[in-house]
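Trainee: with the sequence up front, the predicted model follows.
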Amino acid sequence: MADEVRFTVRRFNWRWAGTCFVRAPGEHRLATFDTADEAHADAWRREQEVRGRVNPFACGPAFHYLSTMPEPIYLDWLRDADITPPKQDSTAKRPWAAWWDSTKTGLTESQIFRVWEGLNRVRFFDVIARRPSQVAYAVVRIVWEYNDNWMEPGEEGGVPVQAFRKRENAEAQRVLLEEVERARFAGREDEEPSHYSAFERNRWNDPFQVEHDERGFSVDDVVGFQNAVFYEVVEIDIGGNSE
């Protein structure tokens, strides 16, 4: 029946923010299933795919963005699985991202799962139960906040700019606004917003490349100011029967 609850897999909007990935407002709905088991199986398959490509310790500007465990507890969490965590460097910080790059190939499958399980704030997909509904796509300006150490998206979800009935129209408007904003920050306000390549646009839209199997993920591909994100597309249920 049209009003029966279905189960939708969503991708969180992780974006590159200059030195790490941050989670921007909104989610991207990918697939809908009749049962929760089917949806969770699909979400887990997608989660594993991204985990094989991404350094989890690059998914936040500080450790508390990665896990609800305090760092000392997480150290014990790893040691309990016979995993030796990184030592502190000269600044009393632990080089987690570099440690993962050099250590992951020597870990067993269960140890790799242990590392990710403890980083319970680094997740890329979820499943929601929802009734069929028409959807609108709002272009939202991300409000970046500075806290004396790094920039991070504000918790209010951004400022709505414009809404569309079709995602492709919202994405086109987002790309245009992104280009204008980048030109403004780079002091090129008079430059036409066509100077960014289609390759760069694809990177902004999906930096983890989870829906484009033919293209691999590399952090080197998305570093630099040109990949800072100022706008996002947020999906909104607007009621009525889905089309």
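Mentor: Noted; the coordinates are in hand.
Trainee: remind me which residues of this structure are low pLDDT?
Mentor: Applying pLDDT under 70 to the chain picks out residues 1-3, 144-157, 185-228, 240-243.
Trainee: shouldn't A136 be in contact with Q162?
Mentor: No - when contacts are counted by C-beta atoms under 8 Å, A136 is not listed as touching Q162 (10.4 Å). Every residue, glycine included, has its C-beta placed from N, CA and C.
Trainee: which residues of the protein fall in strands?
Mentor: 6-16, 21-33, 125-130, 134-141, 144-146, 151-153, 159-164, 231-239 (DSSP state E).
Trainee: any chance of TSV for those, columns mean neighbour count and distance to E117?
Mentor: Supplementary listing: these in TSV, determined by neighbours: other C-beta atoms under 10 Å; distance: least, C-beta to C-beta, whole Å:
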stretch	mean neighbour count	distance to E117
strand 6-16	20	18
strand 21-33	19	19
strand 125-130	16	15
strand 134-141	19	32
strand 144-146	12	30
strand 151-153	18	24
strand 159-164	14	36
strand 231-239	17	28
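Trainee: what's the domain layout of this structure?
Mentor: Following the assignment in automatic domain parsing, the chain carries domains at 6-54+124-239, 61-118.
Trainee: returning to what we had before: got a markdown table for the strands of the chain, with distance to R45 too?
Mentor: Putting those into a markdown table (distance: least, C-beta to C-beta, whole Å) gives the following:
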| stretch | distance to R45 |
| --- | --- |
| strand 6-16 | 10 |
| strand 21-33 | 11 |
| strand 125-130 | 9 |
| strand 134-141 | 24 |
| strand 144-146 | 33 |
| strand 151-153 | 28 |
| strand 159-164 | 30 |
| strand 231-239 | 22 |
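Trainee: re earlier: return the most buried member of the domains of the chain.
Mentor: Of all the domains of the chain, domain 6-54+124-239 carries the top mean neighbour count, a mean of 16, counting by mean count of other C-beta atoms under 10 Å.
Trainee: biggest helix in the protein by residues?
Mentor: If each helix of the chain is counted by residues according to DSSP state H, the longest one is helix 167-185.
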